[in-house]
Every structure is written in C-alpha cells, then in structure tokens.
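In: what shape does this take:
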Amino acid sequence: MRKPFLVALLALLVIGVGGYFGLTHYVNYLARSEVDSALATLRGGGAEGSVGDVRYDLFAGRFELHDLSLTGPGKGILKIGSLVANGVEQRDSGRVFARTAEIGDLTMDIPAGLSTPGITRYNAPRVDIAAMEFPAQAPVDGSPSQIALEFFRKISAERIDIPASTGTGSSGTGETLVKNEETNGAIRLEGLANGRFATMTAEPSRLVISGEPELSGRGTVGRIDVKGFDVAGMLILFDPEQRQASDGFITIHDSLSIDGYDFVMGSGVTYRVAHLSMKDIAIRPSAIPVEELGDAGRQLMKLQQEGTEAPPKETAQFFRMAASVYDEGVRIGGLAVEGVEGTAPGGIAFGFGSFAVGAIEGGRMENITLEKVTGKGPGGDGFQMGRFQLSGLKAGTLMALIADAAESPKDIARWPAPFFNTIESIEIDNVVTPTEQGSPLNIDRFALTWTAEPDALPTRISATLRMSGPTAMVNKGNSAFVMVPGQVDRASVAMDFGAAWNETENTVVVDPAYVEVSDAFSFNAKLTLDAVDDSVFSTQPDEALAGAAEVNLGALELSVTDSGLYQQKLEEAAKEQGIKPEEIRQLFAGFADLLLAQAVSDRPELGPAVEAFVAFVQKPMSTLALRITPRYEPLPVTMIMETLRGEDPLAVVDDVNVETLDKP
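Out: Model (predicted):
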C-alpha cells in the first residue's frame, strides 16, 4: 500500500520536469536566465529553490539541468542530481515535447500528511520518462502548489519508469523509536493525461522496521496493479484553497490490487495476506479536514507513546472529524481480502478465507463479511466460524457515538437507543469453539436484524438462534441451571423472537417468542401491546419513557411444554429430601392448588385455568396453554411490572382474565 503514496509524490517530480521547461514564456527555449526567473517566481509564492549548471543544445534538442533543489511551503523537499531531456521541440500547438527524459539521483523529503506512516524520505537513482508533452506557457497566478497542480493537469506522458527506489524514515522516541526502510521493485506508470495515470504497476518490495522486538519486523509486499490513478485529485487535499473549492467526488482509483503481503515481527508474530483488492475509490476533498486530522492524530499518537491518556475532549474531536470523513468524504465500491493467515509464539494461529466490504457511501457500509475463520490456542484447541456478516454498518455514526461516549459516558449508558442506528443486521453461521468441559460449543446460526430511526428504539426487530453445547457449562450456582437438563451431556437450544410496530393501529405484536431446550422444555408466546404511539420511539429519552408508560396489555398467549426437565428436577429434589418423586410432585400440586384457591373462590371463571395449571404440575411431559387479557381496560404494562416486582406478585391475577387454550 506504500507505493501509491510514492507515485503521488512522483507527480511533483513530473511537475518539476515540465515546470522548468515551460514555467515562464520561452525565449530561445530554456536558458539559465529563464530557470532563475522561474525560481524567483516560486520564491515569491513562499517556496525556495536553487539550481546548479543549466545547459541547452538547440540543434541537438538536448536540455540538461543539475543540482536542482526545491522546498515547498509545506517543507517538502525535492532534489534532483541531474535531468537530461532529449528530442526537445516546440510544437505548433504551443506545447513542448520531449522524446525522453532521464532524472538521476532523485530525493524527496515528504511533508507531514502526504507521507506513508514512518516513511519521510524517498530516493530513486533513476527515473525514465517517455514522450512527455506540456504547455510552453505555465500559469503564473496562485500559490506554488496551485500553479504546479494546474500545470500538471496539462502534462501528458506515455510512460514513466522507476527501476528502483527506497523509502526511509522513523517514528516514535526512546523505547518506542522505530526506523523504517522499504526497498521498492520497479514501478511503471502509463498514460498520463489530465493529472491522471491510466495504469500503474509496481513489482514486489521489501519492508524492514528496526526497533524493540515488539515493534520491529520485516516483510514483503507483492505486485501492485492499479487501474486509473488520479494524482491531481489526491494532491488537491494538500492545498486548503483548492480543497475547499472541490465539492464533488473524485475517483482516485478505478481499481487496486496487491498480490500478497507477508510480515514477520521481531516478537515472533507473523501474518500473511494472499490478495487484496479495492475498486471505485473516491474522495470529496472539501469534506476531508487534512490539517486538523493530521494534527489531532499526531497529538493522540504522542500521548500514547508517552503512556498518557488522551483528554476526552481531544479524543472526541478526533472521532467526530473521522465520522465526518466517513459520512461525507469517502466512497468505495468494495474491498476484498483473501487468504489471511497469522501465527504467534506459544502455538497460537489464526486466519480466514476471505474478508469483504461492500459498497461504502454516505458513511454506510453495505456489508462486512468474514468467511472460513479459524483459530488455535496454546493448548491446540481450535476455533472455527463459517461466516460472520454485518449489514448496514454506519461507520460515521458509530464514530460519532464513540465521541459522545468519550465526553459523556453516563449519558450514553442512560440512553443506548442511538446505537441501534449504527447497524442493521448481524449474522453468524457454523461456529465451533472449545470449552473447558471438553465437548465443543456449536452455534449453527445466530441472526439479529432491526429497523430504527436515528437515535430511536427499533420499530421492528427479529432474532434467531440455533446452538448446542455441553450442559456442564451451566453450573448449579447459575439461575439458568433450573432450565438445564442435567441427565444429558449435551443439549440443543432454539430461540426465535420477532416484534413489529403497526403505526396505523398503534400496536406492537411480539410473535414469535419461542425458546426450546432439547430434553428439557419449550416455550411459545404471542404478545400484543396497545396504545403504542410514535412517542415510544422518540429520539428524546424523556418522551420515549413517558410514551412507554402509556402502553397497555392487549393479550398474551403462551404455551409451555415439558420435554423431560420437570421429571428430572423432581427426581433431583426427591433424592435430596430422601422421598419419592411422586410425593414431591403431589406436594407441588397441593401447594399450587392451595395458593390459587382463594383466587378461584373470588373469581370462579378462573377455575379452568387453575385446574389446567395444577394438572400440568401433576403430570410431567404435558403442555400448559393459556390466554391472558386485561380484566379492565386499559391495563398499563408498567402497572403489571410493578405488581410482579412487589411483595405479592400473585396479585396480578386480580387485574387479568386467564383462559385455557387448545393445546398445540
């Protein structure tokens, strides 16, 4: 990924080559006085420049320039040991043509914000340019960068070859100091026109990072192929005036691919990527605050290196800027990474077959998909996941929420509804993970999806889970133990949940609400809530809570089927008490009958439901199906919850009708 930055900076070289052929009007072609005049023009705009020997052979069409040095206002430096152009001629169209140009000993010191992290200087012993053409008269208005960029857009070239080049630099201080070096393979750029290259290829390169073991390493980057490279569009980012004026999207790359990336760290960690590709990479310069992002990023990095926690305000500011870039400044057609593998000392290994990101536009990622994920721990236990997918991730929204959490964590904890707007669905398939009990935990499928307005609670939600695992994972101290069939080593769990708001009828229907544990029980319910208006889904917490307080019970239908759990728990209780399971069952049934007798005496219509409940307690492997409706309308859900949490939870029976249903 480093080479495109190098090529972007090479554009400055092309500007330099063309600029010194035609930065000012031609007088008997280029002469020393004209080069000096050009340098004076640049100095007037805040740049610095000097040049050594300048020669031009009019009859041979040969131009030579030596020891050129340019320092831009951003402190970037370009040095050229020699420049020799052959076949130079001025054409009738007012343009100058050079058949070939060879640059020797090119060095570039990169200004902050444009360089690859850790690389601040590039050097190329030779650069060859074929069939370059440019205007005889360059613009003279604007800053040096604006003049250069406008002139660059009018240059054309058939081909630029960089047979070899290196990049060096350092980052950090003290124990965190690392020195970086990259050795690039041959780079070729073809078809320069309107500030854009048609293609770019770069042969494999080597990377070396020197420092403490956990910070050092070496690796290789495979061949890079780029279709469409708008250098001028990228350079706009680094001129504030032009950046603000550029409010449309510019496609920087039509496509980009890298065949392989390998890296071995000094700590023994290794990782490998077989292939990476991206397409339709575009930016909107006016939405990218380059200087502010750079300053904030460097400050946060400095604090991290010093071991100092960043102030919440600075952290929030950085994430809000990043959020605005995702929402308004970046568009990508898609990204794919294939064949990722990694290892770490102690027998740790990980990898995945593919990682793909769908279209990114308006801050929304269409989907993020991981497939064929594997992992192995120090003990040799393996983890597998067939597929993981997030859909509709709003990266900008998520970063804005992280910024809010940094500044006001209590507010975020009090009202988590905005998080529902950061993602649309999650899917996980075919997970196998080891457990301490020896038998693995299997998640065959987990899916969760919802629909919500920004900063509001979902108006529609759906979830499903299919999993199995060892029953010993749930210990006796856990309240969930009462639902675990201890007589089997493994159990399967199935869960489905769905809820939707009907705006026209102001109702919410929860259907299905289904849970089944193999060899234990199954539970199925349908819940209808009335008086659910749009205030419940308000973006204002107080309004939403007030609206929820007005929600009433419409109806609740439920059925419970015992699949063996009840009998097992009876046997366990009987063994502890030293009596027979039948005696325990009758004791439970008698207690239930006694407890509900008063309700039946006051309300005879509850008799069938009480009888059904007592029969269910008396007979394992049976089903209980009931329908619960308000006795008096309206019956607020909050009142039901308060009664259930009170000293006499059975008093809730006074407020409802309970009927038996036909067993499913």
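
In: confirm for me that Ala403 is in contact with Pro312.
Out: No: assessed by C-beta atoms under 8 Å, Ala403 is found out of contact with Pro312, at 9.2 Å. Every C-beta, even on glycine, is put in place using the N, C-alpha and C of the backbone.

In: what about these two, which has more around it?
Out: Set side by side, Ala403 and Pro312 show more neighbours around Ala403, with 21 against 14, by other C-beta atoms under 10 Å.

In: tell me which stretches of the stretch 51-200 of the chain form strands.
Out: Ranges of strands within the stretch 51-200 of the chain are 54-57, 62-71, 77-90, 95-109, 121-135, 156-162, 165-171, 178-184, 187-193, 196-202, based on DSSP state E, counting those that start in this stretch.

In: any chance of these in a markdown table, plus distance to Ala148?
Out: Output for the strands of the stretch 51-200 of the chain, formatted as a markdown table (distance: least, C-beta to C-beta, whole Å):
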| stretch | distance to Ala148 |
| --- | --- |
| strand 54-57 | 19 |
| strand 62-71 | 10 |
| strand 77-90 | 11 |
| strand 95-109 | 14 |
| strand 121-135 | 12 |
| strand 156-162 | 16 |
| strand 165-171 | 21 |
| strand 178-184 | 24 |
| strand 187-193 | 15 |
| strand 196-202 | 16 |
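
In: and the helices in the chain, which stretches?
Out: 3-22, 32-44, 144-152, 231-235, 240-245, 290-305, 312-324, 395-407, 409-414, 541-549, 565-577, 581-602, 607-618, 637-645 (DSSP state H).

In: coming back round to it: of the strands of the stretch 51-200 of the chain, which shows the lowest average pLDDT?
Out: Ranked by mean pLDDT, the strands of the stretch 51-200 of the chain bottom out at strand 54-57, with a mean of 79.

In: list the buried ones in that strand?
Out: 54, 56 (16 or more other C-beta atoms under 10 Å).

In: for the strands of the stretch 51-200 of the chain, which one sits closest to Met621?
Out: strand 178-184 (67.6 Å; C-beta to C-beta).

In: so what are the sheet partners of the closest one and their directions?
Out: If you go by DSSP bridges, strand 178-184 pairs up with strand 165-171 (antiparallel), strand 205-210 (antiparallel).

In: go through it and flag the buried ones.
Out: 178, 180-182, 184.

In: related to what we said a few turns ago, in JSON lines: the helices of the chain, plus mean pLDDT.
Out: Formatted as JSON lines, the helices of the chain follow (pLDDT from 0 to 100):
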{"stretch": "helix 3-22", "mean pLDDT": "48"}
{"stretch": "helix 32-44", "mean pLDDT": "63"}
{"stretch": "helix 144-152", "mean pLDDT": "76"}
{"stretch": "helix 231-235", "mean pLDDT": "88"}
{"stretch": "helix 240-245", "mean pLDDT": "89"}
{"stretch": "helix 290-305", "mean pLDDT": "77"}
{"stretch": "helix 312-324", "mean pLDDT": "88"}
{"stretch": "helix 395-407", "mean pLDDT": "88"}
{"stretch": "helix 409-414", "mean pLDDT": "75"}
{"stretch": "helix 541-549", "mean pLDDT": "90"}
{"stretch": "helix 565-577", "mean pLDDT": "81"}
{"stretch": "helix 581-602", "mean pLDDT": "76"}
{"stretch": "helix 607-618", "mean pLDDT": "85"}
{"stretch": "helix 637-645", "mean pLDDT": "92"}
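
In: need those helices in TSV (columns: distance to Phe521).
Out: TSV is the format used below for those (distance: least, C-beta to C-beta, whole Å):
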stretch	distance to Phe521
helix 3-22	60
helix 32-44	82
helix 144-152	72
helix 231-235	62
helix 240-245	64
helix 290-305	51
helix 312-324	46
helix 395-407	39
helix 409-414	35
helix 541-549	30
helix 565-577	5
helix 581-602	16
helix 607-618	11
helix 637-645	21
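
In: quick check: which of the ones you listed is nearest to Glu424?
Out: Taking C-beta to C-beta, helix 395-407 is the member of the helices of the chain nearest to Glu424, at 11.5 Å.
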